[in-house]
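A.B. asks: all I have is the shape, not the residue letters:
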RNA sequence: GCGCCGGUAGCUCAAUUGGCAGAGCAUUUGACUCUUAAUCAACAGGUUCCGGGUUCAAGUCCCGGCCGGCGCACCA
């Protein structure tokens, strides 16, 4: 990006001294724009309140009218007009020459102009900082995605919806945390640097610790650590944190994203479904005050209870014939081939059923729904189903055609866990790139005894997308991952 | 990683069949005592993403690259 000539000129000549000499280090701020609009709503046109305030913010618009000047100032709460008069305002000429985007601190009386705009009549003011770049087009803001994402600080001023969506994120995180605390979950932190990246099927980022002369991987999930804390006696734990997956970037995938993971001793997956739907619907109530919203122009409801349907049921309905993990393998692969899915030779019936589900059902699931009873083949950390050992007590919730959460009755048997890891290793040997590695420390932890426990993983970014009605994950991440510019 | 689309002034966008690179806003200068995306006047502002090629002539056509958007794949 090339700076406009005026910037180089200002920076190197006239403003060099002022930047260092006259810019204050502090401002005695005591009022916000939004509160002023409310508090002084009763002021009549042309009326003066007699109340002096100190406000601060950025000059967004500036309209000079001879010996008067009107500026629209925005702070974190909203906007209020600044009304400057040559006869009243100290340094009026300089005020009228402020740049759009400059930060100002203003002292003055709260008044309403003859034309009805609530204003701070400026008696004294100071420029707190100068904006050397503008904040986009007055009408259109900034539309260039590259500029918006690489310089979110400018986007936030140019496009108010950006501020709204990122604020929603903050409110969602706060609500999630408070609801977990209220349910007696203890917030914990587990390692991001791991010798083995486990807990999910994903390619990790690799790094190296110099002093230990060891390779480490950024976590792809905190799952195994959290269950070790349950073994250690923390009966209800959660972690709200960043995980890293070295995979494709898309409107629904960022290489680093935020996940809630939560484990409750003595619960099974049904209990966890109860908790999850109440959590998500509760967050919607906390942030939006309703469970009934529109997502991308289509009605969407967070309302509980969410339907619970097995993967086999949903898939059977979608394909028009009864299928399950016990359907002959050849039949499943044939049906996948009909749908254009390339079948990997390492896929057993469980994986095939899951693939068939994804191809036939997933994108159709609009309102929240639990898909339950996943094949054991694709669920190496989930406990086998009590009535069918080829299935697990696992659920995923889907909303607007995407996975939102994943949970299960945790596999607590160290012997079975070893078998599952070994099955994964066998898949790796057959060329499947993303499988779990055997984690001996984790198996040893299970050998100390994990009580019956249910776990949950919930994608916070995806939840925020629903709440904020955003279709691109980058709109709910302040600084999404972008390719660095090469120069 | 693959496919499609895009990149022109600080920002938002034009530019006919390949024929002098333009506008609005911002910036600079001036006018204006109640403006509301103020208005009016004037000045200035360009490596048309980068590198090649075709052509009398390339923002426009061709090849390669960079960055981005969308879709697919992977995945949450």
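C.D. replies: Yep, that arrived. Only a predicted model underlies this, so the values are computations on that prediction, with no experimental measurement involved.
A.B. asks: contact residues of the stretch 351-487 of chain A facing RNA strand B?
C.D. replies: Within the stretch 351-487 of chain A, the positions adjacent to RNA strand B are A:402-404, A:406, A:434, A:457, A:459, A:461-462, A:471-474, A:482-486 by C-beta under 7 Å from any atom of the strand. In this view, the C-beta of every residue, glycine as well, is placed from N, C-alpha and C.
A.B. asks: how far out from the middle of the chain is the longest helix seen in chain A?
C.D. replies: With secondary structure taken from DSSP state H, chain A has its longest helix at helix A:160-182. Put simply, helix A:160-182 sits 9 Å off its chain's centre (C-alpha atoms, centre = their mean, to the nearest Å).
A.B. asks: stretch A:155-171 now?
C.D. replies: The answer for stretch A:155-171 is 12 Å, by C-alpha atoms, centre = their mean.
A.B. asks: for the top strand by length along chain A, name the packing helices and strands.
C.D. replies: Assignment by DSSP state E gives strand A:48-65 as the longest strand of chain A. Where contact means 3 or more C-beta pairs under 8 Å, 6 or more residues apart in numbering; DSSP states H and E, strand A:48-65 is packed against helix A:33-39, strand A:68-74, strand A:79-85, strand A:103-112, strand A:118-129.
A.B. asks: list the contacts of the residue in chain A positioned nearest to RNA strand B.
C.D. replies: At 1.6 Å from RNA strand B, residue A:66 is the closest residue in chain A, using C-beta to the nearest atom of the strand. Not one residue lies near residue A:66 by C-beta atoms under 8 Å, 6 or more residues apart in numbering.
A.B. asks: what's the angle from the longest strand of chain A to strand A:118-129?
C.D. replies: 60 degrees (axes from the mean of the first three to the mean of the last three C-alpha atoms, to 10 degrees).
A.B. asks: mean confidence for strand A:48-65?
C.D. replies: For strand A:48-65, the mean pLDDT works out to 97.
A.B. asks: with stretch A:126-141 instead?
C.D. replies: Taken as a whole, stretch A:126-141 has a mean pLDDT of 90.
A.B. asks: likewise stretch A:473-487?
C.D. replies: Mean predicted confidence for stretch A:473-487 is 86.
A.B. asks: centre of the chain versus it, how much separation?
C.D. replies: Worked out by C-alpha atoms, centre = their mean, stretch A:473-487 lies 14 Å from the chain centre.
A.B. asks: equivalent analysis for stretch A:154-173, please.
C.D. replies: 11 Å.
A.B. asks: ok, back up a step: please point out which parts of the longest strand of chain A sit buried.
C.D. replies: For strand A:48-65, the neighbour count (16 or more other C-beta atoms under 10 Å) marks A:49, A:53-60, A:62, A:64 as buried.
A.B. asks: show me what contacts residue A:391?
C.D. replies: Per C-beta under 8 Å, 6+ apart, neighbours of residue A:391: A:325, A:373-376, A:384-385.
A.B. asks: which parts of the stretch 101-250 of chain A sit against RNA strand B?
C.D. replies: Contact residues, the stretch 101-250 of chain A versus RNA strand B (C-beta under 7 Å from any atom of the strand): A:113-117, A:119, A:133-134, A:136-147, A:149, A:200-203, A:245, A:247-250.
A.B. asks: what about 6 Å?
C.D. replies: Within the stretch 101-250 of chain A, the positions lying close to RNA strand B (C-beta under 6 Å from any atom of the strand) are A:113-117, A:133-134, A:136-140, A:142-147, A:149, A:200-202, A:245, A:247-248, A:250.
A.B. asks: ok, back up a step: Serialize the helices and strands packed on strand A:48-65 to a markdown table and add fields for mean neighbour count.
C.D. replies: Shown next, in a markdown table, are the helices and strands packed on strand A:48-65 (neighbours: other C-beta atoms under 10 Å):
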| stretch | mean neighbour count |
| --- | --- |
| helix A:33-39 | 16 |
| strand A:68-74 | 21 |
| strand A:79-85 | 22 |
| strand A:103-112 | 21 |
| strand A:118-129 | 20 |
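A.B. asks: looking at these, spot the one closest to residue A:411.
C.D. replies: Residue A:411 lies closest, by C-beta to C-beta, to one member of these: helix A:33-39, at 51.8 Å.
A.B. asks: so what secondary structure elements neighbour that closest one?
C.D. replies: Contacts defined by 3+ C-beta pairs under 8 Å, 6+ apart place helix A:33-39 against strand A:48-65, strand A:79-85, strand A:118-129.
A.B. asks: turn these into JSON lines, columns for distance to residue A:418.
C.D. replies: JSON lines is the format used below for the helices and strands packed on helix A:33-39 (distance: least, C-beta to C-beta, whole Å):
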{"stretch": "strand A:48-65", "distance to residue A:418": "60"}
{"stretch": "strand A:79-85", "distance to residue A:418": "63"}
{"stretch": "strand A:118-129", "distance to residue A:418": "61"}
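A.B. asks: out of those, which is closest to residue A:451?
C.D. replies: Comparing the helices and strands packed on helix A:33-39 by C-beta to C-beta, strand A:48-65 comes nearest, at 54.3 Å.
A.B. asks: direction included, what does the following helix or strand past the longest helix of chain A pair against?
C.D. replies: Later in the chain than helix A:160-182, the nearest helix or strand by DSSP states H and E is strand A:186-187. Using DSSP bridges, strand A:186-187 pairs in its sheet with strand A:236-244 (parallel).
A.B. asks: pull out the buried positions in the strand it pairs with.
C.D. replies: A:236-241, A:243-244.
A.B. asks: residue A:337 touches residue A:352, doesn't it?
C.D. replies: No - using C-beta atoms under 8 Å, residue A:337 is not in contact with residue A:352, being 10.5 Å away.
A.B. asks: burial count for residue A:335?
C.D. replies: Other residues within reach of residue A:335, judged by other C-beta atoms under 10 Å, total 21.
A.B. asks: does it touch residue A:320 like I think?
C.D. replies: No - with contact defined as C-beta under 8 Å, residue A:335 does not count as touching residue A:320 (10.2 Å).
A.B. asks: that older thread, just the closest of the buried residues of strand A:236-244 to residue A:39, please.
C.D. replies: The nearest member of the buried residues of strand A:236-244 to residue A:39, counting by C-beta to C-beta, is residue A:240 at 36.6 Å.
A.B. asks: show me what that closest one is bridged to.
C.D. replies: Beta-bridge partners recorded for residue A:240 (DSSP bridges): residue A:260.
A.B. asks: which residues touch it?
C.D. replies: Counted by C-beta under 8 Å, 6+ apart, residue A:240 has contacts A:173, A:176-177, A:180, A:187, A:258-260, A:460.
A.B. asks: also residue A:83?
C.D. replies: Counting by C-beta under 8 Å, 6+ apart, the residues that residue A:83 touches are A:68-70, A:108, A:111, A:113, A:119-122.
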